[in-house]
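Engineer: Provided below are the primary sequence and the corresponding predicted coordinates.
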Amino acid sequence: MRAAGDTKVVRGIEVRNDPAREPCFTIVHLHHDVPDAGNETVEARQMRAHREYNQEVQTLEVAALCLVDFPDAPWELRMELARQCWDEARHAELSLRHLEGLGGWKGMFPIANLDWSVVAMLDSLPARLAVQHRTFEAGSLDIEIAAVPMLYDMGHDGHAEMTDAIEADEVQHVRFANEWLKRLTDAQPRAVLQVAAAMAWLRRLVEATSLDPLKVIATNDETRQMAGFSRAEVAHVASMDQPMPDPPGAANSGPSDD
Amino acid sequence: MLTVKERGQFVATLRYVYVTIMETLSAWVPTTPEMETKLLFGEHIWDAAQHADSLGKRTYELRMPLQKSIRAADGYVDLLATVAAIGPTSQRLAAMYDVLLPALAARQRRYIEQTDKLVDAPTVRILERYLADNTRMIDSAQALRHELPALQLTDPQWAAALRKREASLDLLAPAMPEAAAAVGA
């Protein structure tokens, strides 16, 4: 778990300090400060690829931290997290290859590590699964599903295929989290309170750190059901007036349809 | 011939070591600045987990609980803790890929030489598969350092000293010294 002094304050809320990064990176603390110019120009696509690269690395870091912080978690769950580490490492490598194919390089744009800073503050594994997998990654599923046809339409077939392949892996990550959340909360009802507290804290944090209104991303029913959400849960998310907060990392990485 | 109990202790102890390696690599991911190295560790977390899982299934076949780990000898546990506490990336890479993984491979080869390859065939298969993975992991780290020379260890004596320390240690805890002697571990 985190050591004393291992936190920072962003807009009045204490979050975990950034993970280690090379000096070539400029780190900012709000997603608003990470450049995002849509998908039309080469520079805009470089920005997106750069964001995706750092996003995948953060997700790897979160999964790895869960293995460190919860050594007594069920072995089958630890295996899922270990597998996720490899998946996210591959995704990061794919994103970097894509970035370099566009003439970009790591450190080209500022990065924010807010996903890490949020999830690494949570002291229970059910809370981390609820926030990282069930909220952030499930939100990314909706975004990626919407992005694939858009990228094909724009003629970016390679990027579309890469995004589609990554999405297939991410479904499994959300699915195992859904399965294990059910098992963990069944076995230990106190975990429900931990999840509820984490979600309430996340909402406060998103409100504090979002300069723009949250984007509304259409919920993809089929993919969410594949990932283990029940029909009722999907309907609930889809019907919310104010949708579940976009994952901080995903809020900037969706298709530029606004 | 190694007894079932002796074979079980070796397998369960090796599982303990691979779980520790998985946790060490995991701890290094957020604390290592170089992105390429993070990704290398991320891949190998899964390799270490798979090895631990295979060994943990084998413990059940050797009259132990499923996924049973046995703590290694104190000296070896201290060595693993020393490795886990390393900070500089070049030393992390050298400790894992130039010292620990090759040394564990050597211990497993010695076990394969000494166990009955028919009686203990399932363990031998697991270890042989590991040896192929081990070579791939070491080669990947070597290729990374070739590509990024800044990750090379500047003081080869540092790794030599760690290697010497590893070689001087028993892997198995003294609960069953006869097993340690039998498998040369």
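Structural biologist: Here it is on my side, so go on. Keep in mind the model is a prediction, meaning the values are calculated, not measured.

Engineer: For the strand or helix carrying residue A:51, name the packing helices and strands.
Structural biologist: Here residue A:51, judged by DSSP states H and E, is contained in helix A:42-69. In terms of contacts (3 or more Cβ pairs under 8 Å, 6 or more residues apart in numbering or on different chains; DSSP states H and E), helix A:42-69 is packed against helix A:75-101, strand A:111-112, helix A:114-119, helix A:125-128, helix B:4-31, helix B:35-61. Bear in mind the C-beta positions are built from the backbone N, C-alpha and C, glycine included.

Engineer: Now for the spatially closest residue to residue A:42 that is not a sequence neighbour: which residues touch it?
Structural biologist: Nearest non-adjacent residue to residue A:42, counting by Cβ to Cβ, 6 or more residues apart in numbering or on different chains: residue A:102, 6.0 Å away. The neighbours of residue A:102, taking Cβ atoms under 8 Å, 6 or more residues apart in numbering or on different chains as the test, are A:42, A:45-46, A:49.

Engineer: Look up how far residue A:62 lies from the residue lying closest to residue A:49 once chain neighbours are set aside.
Structural biologist: Nearest residue to residue A:49, sequence neighbours excluded (Cβ to Cβ, 6+ apart): residue A:99, at 3.8 Å. Distance check for residue A:99 against residue A:62: by Cβ to Cβ, to the nearest Å, it reads 21 Å.

Engineer: Tell me which of the two has more neighbours.
Structural biologist: residue A:62 (28 against 23; other Cβ atoms under 10 Å in any protein chain shown).

Engineer: Would you check that the more buried one makes contact with residue A:128?
Structural biologist: Yes: the pair residue A:62 and residue A:128 qualifies as a contact (Cβ atoms under 8 Å) at a distance of 7.2 Å.

Engineer: Need the overlap of contacts for these two.
Structural biologist: Shared contacts of residue A:62 and residue A:128, defined by Cβ under 8 Å, 6+ apart, comprise residue A:119.

Engineer: Let me know the secondary structure of the residue in the stretch 151-258 of chain A that chain B sits nearest to.
Structural biologist: Using Cβ to the nearest Cβ, the closest approach of the stretch 151-258 of chain A to chain B is made by residue A:169 at 12.6 Å. Following DSSP: H, G, I helix; E, B strand; the rest coil, the label given to residue A:169 is helix.

Engineer: Surely it touches residue A:91?
Structural biologist: Yes: the criterion here is Cβ under 8 Å, and residue A:169 meets it with residue A:91 at 7.0 Å.

Engineer: Can you pick out the residue with more neighbours from those two?
Structural biologist: Per other Cβ under 10 Å, whichever of residue A:169 and residue A:91 has more neighbours is residue A:91, with 24 against 15.

Engineer: Leaving out chain neighbours, which residue sits closest to that one?
Structural biologist: In space, residue A:91 is closest to residue A:56, 4.2 Å off (Cβ to Cβ, 6+ apart).

Engineer: Give me the angle between the helix holding residue A:51 and helix B:4-31.
Structural biologist: 140 degrees (axes from the mean of the first three to the mean of the last three Cα atoms, to 10 degrees).

Engineer: Please name the residues that touch the residue of the stretch 151-258 of chain A closest to chain B.
Structural biologist: A:87, A:91.

Engineer: Okay, it and residue A:150: tell me how far apart.
Structural biologist: Taking Cβ to Cβ, one finds residue A:169 at 20 Å from residue A:150.

Engineer: Likewise for residue A:73?
Structural biologist: From residue A:73 to residue A:150 the distance is 38 Å (Cβ to Cβ).

Engineer: The residue nearest to residue A:49: what's it in contact with?
Structural biologist: Residues near residue A:99 by Cβ under 8 Å, 6+ apart: A:46, A:49-50, A:53, A:105-106, A:108.

Engineer: again, only this time at 7 Å
Structural biologist: Residues in contact with residue A:99 (Cβ atoms under 7 Å, 6 or more residues apart in numbering or on different chains) are A:46, A:49-50, A:53.

Engineer: Can you say which of the residues you listed are buried?
Structural biologist: A:46, A:49-50, A:53 (16 or more other Cβ atoms under 10 Å in any protein chain shown).

Engineer: from those, which is closest to residue A:209?
Structural biologist: residue A:50 (20.2 Å; Cβ to Cβ).

Engineer: In space, what's closest to the closest one - neighbours in sequence excluded?
Structural biologist: Closest to residue A:50 by Cβ to Cβ, 6+ apart is residue A:109, at 4.8 Å.

Engineer: Quick check: the gap between that neighbour and chain B.
Structural biologist: According to Cβ to the nearest Cβ, to the nearest Å, residue A:109 stands 14 Å off from chain B.

Engineer: Confirm for me that residue A:125 is in contact with residue A:66.
Structural biologist: Yes: Residue A:125 lies in contact with residue A:66 (Cβ atoms under 7 Å); the separation is 6.3 Å.

Engineer: Would you agree residue A:109 is in contact with residue A:49?
Structural biologist: No: applying Cβ under 7 Å as the test, residue A:109 and residue A:49 come out as separate, 9.7 Å apart.

Engineer: Next, the residue nearest to residue A:50: secondary structure please.
Structural biologist: The local conformation at residue A:109, judged by three-state DSSP, is coil.

Engineer: Quick check: phi and psi on it?
Structural biologist: Main-chain dihedrals, residue A:109, degrees, to the nearest 10: phi -130, psi 160.

Engineer: how about the residues of chain B near chain A?
Structural biologist: B:22-23, B:26-27, B:29-35, B:38-39, B:42-43, B:45-46, B:49, B:53, B:67 (Cβ under 7 Å from any Cβ of the partner chain).

Engineer: Low-confidence ranges, chain B, go.
Structural biologist: Residue ranges of chain B with pLDDT under 70: B:175-185.

Engineer: let's go with 50 and repeat that
Structural biologist: Counting by pLDDT under 50, chain B has no low-confidence residues at all.

Engineer: ok, back up a step: model confidence at the residue nearest to residue A:42, what's the number?
Structural biologist: Predicted confidence (pLDDT) at residue A:102: the value is 97.

Engineer: any idea how far it is from residue A:39?
Structural biologist: Separation of residue A:102 from residue A:39 (Cβ to Cβ): 11 Å.

Engineer: quick one: common contacting residues for those two?
Structural biologist: With Cβ under 7 Å, 6+ apart as the test, residue A:102 and residue A:39 both reach residue A:45.

Engineer: who's in contact with residue B:116?
Structural biologist: residue B:1.

Engineer: repeat that with 10 Å
Structural biologist: B:1-2, B:7, B:124 (Cβ atoms under 10 Å, 6 or more residues apart in numbering or on different chains).

Engineer: How about residue A:128?
Structural biologist: Residue A:128 makes contacts with A:62-63, A:65-66, A:69-70, A:81, A:118-122, A:134, A:177, A:194-195, A:198, as judged by Cβ under 10 Å, 6+ apart.

Engineer: make it 8 Å
Structural biologist: A:62, A:66, A:119, A:122, A:198.
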